[in-house]
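*Asks:* The following block contains a protein sequence and its predicted model.
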Amino acid sequence: MRPESMQHTLTAAAIAVSGIVALVAARTPGSQAQAFDVLITNARVLDGSGNPWLREDMGIRGDRIVARGRLAGATAARVIDAKDLMVAPGFIDVHSHAVGALRGAELRDARALLLQGVTTIIGNPDGGGPIDLAAQRLSLEAEGIGVNVGLMIGHGSVRGAVLGNAIRDPDPAELDRMKGIVEKAVADGAFGLSSGLFYEPGRYAKLEEVIALARVAGGVYASHIRDEGNYATGVVASVREVIRVAEEAGVRGVVTHIKALGPDSWGLSKTVVADIDAARARGAQVFADQYPYEASSTSLGAAVLPGPSGPEALKGRLAEPPSADQLLKEVAENVRRRGGPASIVIASGRGAPGLAGQSLQQIAKTRGVSPERAAIDILLGGGASIVSFNMSEDDIRLFMRQPWTMTGSDGDLSLPGPSRPHPRGHGSFARRLGVYVRERGVDSLEDAVRSMTSLSARVFGLTDRGELRPGAIADVVVFDPATIQDRATYEDPFGFATGVQWVLVNGQVAVADGAATGVLAGRVLRE
Ligand SMILES: [Zn+2]
């Protein structure tokens, strides 16, 4: 533990003790009434531990929870009547692409996240993001942000900075430079290493390189695995890579946005779950995160042509009839692998102007060409991002029920416009609770809330968050389990979630009576 976090823990312990004193005092008849900055009354407290709710009040001073219990007679500058709704720790999104968007004036208040109850996001996933985390932190802090942000250091970015897109191993000096970048990022507060071994340039790394860097990073290793379906390595062997990194580097391995991609791989969730359980039984720290949708989202290039898929690479392959023929076959096979041309829908992109919301099948039909040819033409025009329907509900549910699965979004934030991004950025957390708990009964409310609060906080080492206890930071969400609902759809991905009534971020009211207040109470967190 670093001296700084040690100090935090000691402070937290001191506050925890005073919180207990406050609690005892409040319970003693005739004792002086407690005064808080914020008092939440009439709450069903779902504390994030997985325990069923308790009817309690909660007192907050500054940015900390200082009392929980029956706080009769207590006073506060602001009293929030929870009206018997659930009061839970603020939700933690462990896989977010929204950090860049938070730097923009129109999105920095993070209202789309707050209205789902999200108070903390972990950024730089999939091996990406900048390598200078100090600069990234400053840019976020400069104008303020609506939610807390934790940062990872991306393996792909580190490799790219040293090796570019080279398809080879680093030599010892290059590996040392990569380690140096990771070391600096850790000193700047990184929570661990993220990787995207499906993408360029991460895909060119052998696992030994990743293990060496994960060892330097410590903390969490969160990986977009080499193959989520059956492109080459296969989902089962790719999950085993995460297990190996967790075991050999001694870190917490996270299979990020866990899934079995494409009809050929449906049902393999059983093998993956058995492998992770076996690894955990022999002492490896292995976890997963998941977003609650049957569609994923990525670039068309990565989906239909993993590896080099830029116009230059394509033009080279199209120049000769045999290689052009091979290219078309390869793309056709990858389109089939992901569920066929009707299941791949354009989100946005330079190569597909005016085509957002249309499937590859529709585009091919309009143009009178094959779906694979349509895909190649879009790539030649500059590519596109896609929404790709490729998961089975049985796999989603099995992964969701595992006690080691956290909730994430994999989402980004953008303003309404012609593009049709995946709705997960605006809806994941509300959908997890509204659709998967309430409508489909996949798991209990307390388990689902645990998957997005205390589990995530413990895995990522967010010592003071993810639970509602005296001494913890006051990231709090008040929501109605009967009405919480995602309103973002594939057709209209910008709808704000409903059912979240109040949100506190670091003790400040960020959502009041169902409306975002615009307060920029978020912080950039450090490991
Ligand atoms: Zn990913």
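*Replies:* Cool, the structure landed.

*Asks:* can you pull the contacts of the residue of the stretch 401-527 of the chain found nearest the ion?
*Replies:* Using Cβ to the ion, Asp410 is the residue of the stretch 401-527 of the chain that sits closest to the ion, at 5.9 Å. (C-beta placed from N, C-alpha, C; glycine too.) Contacts for Asp410 were tallied using Cβ atoms under 8 Å, 6 or more residues apart in numbering; they are His95, Ser96, His97, Pro125, Thr256, His257, Tyr291, Ser296, Ser297, His422, Arg424, Ser428.

*Asks:* Just those residues: which are in helices?
*Replies:* Among those, DSSP state H puts Arg424, Ser428 in helices.

*Asks:* returning to what we had before: assign a three-state SS to the residue of the stretch 401-527 of the chain closest to the ion, would you?
*Replies:* coil (DSSP: H, G, I helix; E, B strand; the rest coil).

*Asks:* Can you identify the element that follows the longest strand anywhere in the chain toward the C-terminus?
*Replies:* Using DSSP state E, we find that the single longest strand of the chain is strand 35-45. Downstream of strand 35-45, the first helix or strand assigned by DSSP states H and E is strand 54-61.

*Asks:* How far off centre is that following strand?
*Replies:* Mean C-alpha position of strand 54-61 versus that of the full chain (Cα atoms, centre = their mean, to the nearest Å) differs by 28 Å.

*Asks:* who's in contact with it?
*Replies:* Under Cβ under 8 Å, 6+ apart, the answer for strand 54-61 is 22, 26, 34, 36-45, 47, 65-71, 74, 76, 87, 468, 474, 476, 504, 507.

*Asks:* Kindly report the residues of the protein close to the ion.
*Replies:* Counting by Cβ under 5 Å from the ion, the residues of the chain close to the ion are Asp126, His224.

*Asks:* go again using 8 Å as the cut-off
*Replies:* His95, Pro125, Asp126, Gly196, Phe198, His224, Thr256, His257, Thr298, Asp410 (Cβ under 8 Å from the ion).

*Asks:* Now do the strands in the stretch 351-500 of the chain.
*Replies:* 385-389, 405-407, 476-479, 500-505 (DSSP state E, counting those that start in this stretch).

*Asks:* oh sorry, the question was meant for the stretch 151-300 of the chain
*Replies:* So, for the stretch 151-300 of the chain - with DSSP E, counting those that start in this stretch - the strands run 153-154, 192-196, 220-224, 252-255, 286-290, 295-299.

*Asks:* Rebuild the ones you listed as a markdown table, extending it with mean neighbour count and mean pLDDT.
*Replies:* Formatted as a markdown table, these follow (neighbours: other Cβ atoms under 10 Å; pLDDT from 0 to 100):
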| stretch | mean neighbour count | mean pLDDT |
| --- | --- | --- |
| strand 153-154 | 28 | 98 |
| strand 192-196 | 29 | 98 |
| strand 220-224 | 29 | 98 |
| strand 252-255 | 28 | 98 |
| strand 286-290 | 26 | 98 |
| strand 295-299 | 20 | 97 |
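
*Asks:* what's near enough to touch Lys83?
*Replies:* Asn42, Gln501.

*Asks:* I'd like the numbering to begin with 214 instead of 1 from here.
*Replies:* In the new count, where the first residue is 214, that last one comes out as Lys296.

*Asks:* Check whether it sits in a helix, strand or coil.
*Replies:* Recorded secondary structure, Lys296: coil (three-state DSSP).

*Asks:* Got phi/psi on it?
*Replies:* phi 50, psi 40 (degrees, to the nearest 10).

*Asks:* again with the one 3 residues further on
*Replies:* As for Met299, its main-chain torsions (degrees, to the nearest 10) stand at phi -80, psi 140.

*Asks:* From the ion, how far out is it?
*Replies:* Between Met299 and the ion the computed distance is 30 Å (Cβ to the ion, to the nearest Å).

*Asks:* Over to Glu396?
*Replies:* With Cβ to the ion as the criterion, Glu396 and the ion are 25 Å apart.

*Asks:* what's the burial count for Ala532?
*Replies:* 9 (other Cβ atoms under 10 Å).

*Asks:* Pairing partners for the residue nearest to Gly341 when sequence neighbours are not counted in the sheet, please.
*Replies:* Leaving out its chain neighbours, the residue that sits closest to Gly341 by Cβ to Cβ, 6 or more residues apart in numbering is Gly367, at 4.6 Å. Gly367 has the following beta-bridge partners by DSSP bridges: Ser407.

*Asks:* Isn't Gly367 up against Gly405?
*Replies:* No - contact criterion Cβ atoms under 8 Å: Gly367 and Gly405 do not qualify, at 10.6 Å.

*Asks:* Any stretches of the stretch 214-363 of the chain with poor pLDDT?
*Replies:* Applying pLDDT under 70 to the stretch 214-363 of the chain flags the ranges 214-245.

*Asks:* For it, which residue gets nearest to the ion?
*Replies:* Asp339 (4.0 Å).

*Asks:* Please work out how many residues are found near that residue.
*Replies:* 25.

*Asks:* In contact with the spatially most central residue of the chain: list those residues for me.
*Replies:* The residue lying closest to the centre of the chain (Cα atoms, centre = their mean) is His308, at 1.8 Å. Shown in contact with His308 (Cβ under 8 Å, 6+ apart): Ile335, Pro338, Ala435, Thr469, His470, Asp502, Tyr504, Gly621, Ser622, Asp623.

*Asks:* would JSON lines of those with distance to Arg563 be doable?
*Replies:* Below are these laid out as JSON lines (distance: Cβ to Cβ, whole Å):
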{"residue": "Ile335", "distance to Arg563": "29"}
{"residue": "Pro338", "distance to Arg563": "23"}
{"residue": "Ala435", "distance to Arg563": "29"}
{"residue": "Thr469", "distance to Arg563": "27"}
{"residue": "His470", "distance to Arg563": "25"}
{"residue": "Asp502", "distance to Arg563": "30"}
{"residue": "Tyr504", "distance to Arg563": "26"}
{"residue": "Gly621", "distance to Arg563": "28"}
{"residue": "Ser622", "distance to Arg563": "25"}
{"residue": "Asp623", "distance to Arg563": "22"}
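
*Asks:* Show me the beta-bridge partners of the residue of the stretch 414-563 of the chain at minimum distance from the ion.
*Replies:* Going by Cβ to the ion, the ion is nearest to His437 of the stretch 414-563 of the chain, at 3.6 Å. Beta bridges link His437 to Gly409, judged by DSSP bridges.

*Asks:* Who are the contact partners of it?
*Replies:* With the criterion set at Cβ under 8 Å, 6+ apart, His437 makes contact with Pro338, Asp339, Gly340, Ser407, Ser408, Gly409, Leu410, Phe411, Tyr412, Thr469, His470.

*Asks:* Nearest to Ile609 among these?
*Replies:* Distance to Ile609 across the contacts of His437 (Cβ to Cβ) is lowest for His470, with 11.2 Å.

*Asks:* shouldn't the closest one be in contact with Gly624?
*Replies:* No - with contacts counted by Cβ under 8 Å, His470 stays clear of Gly624, the gap being 10.4 Å.

*Asks:* Give me the common contacts of these two.
*Replies:* What both His470 and Gly624 touch, as defined by Cβ under 8 Å, 6+ apart, is the set Tyr504.

*Asks:* which of the two has more neighbours?
*Replies:* Gly624 (31 against 26).

*Asks:* State the distance from the residue lying closest to the more buried one once chain neighbours are set aside to Ser536.
*Replies:* Spatial nearest neighbour of Gly624, chain neighbours left out: Gly638 (3.0 Å); criterion: Cβ to Cβ, 6+ apart. Counting by Cβ to Cβ, to the nearest Å, the separation of Gly638 from Ser536 is 38 Å.

*Asks:* What number of residues are in the vicinity of the closest residue to Gly369 other than its chain neighbours?
*Replies:* Of all residues not flanking Gly369 in the chain, Gly340 sits nearest, at 3.1 Å (Cβ to Cβ, 6+ apart). For Gly340, the count of nearby residues is 30 (other Cβ under 10 Å).
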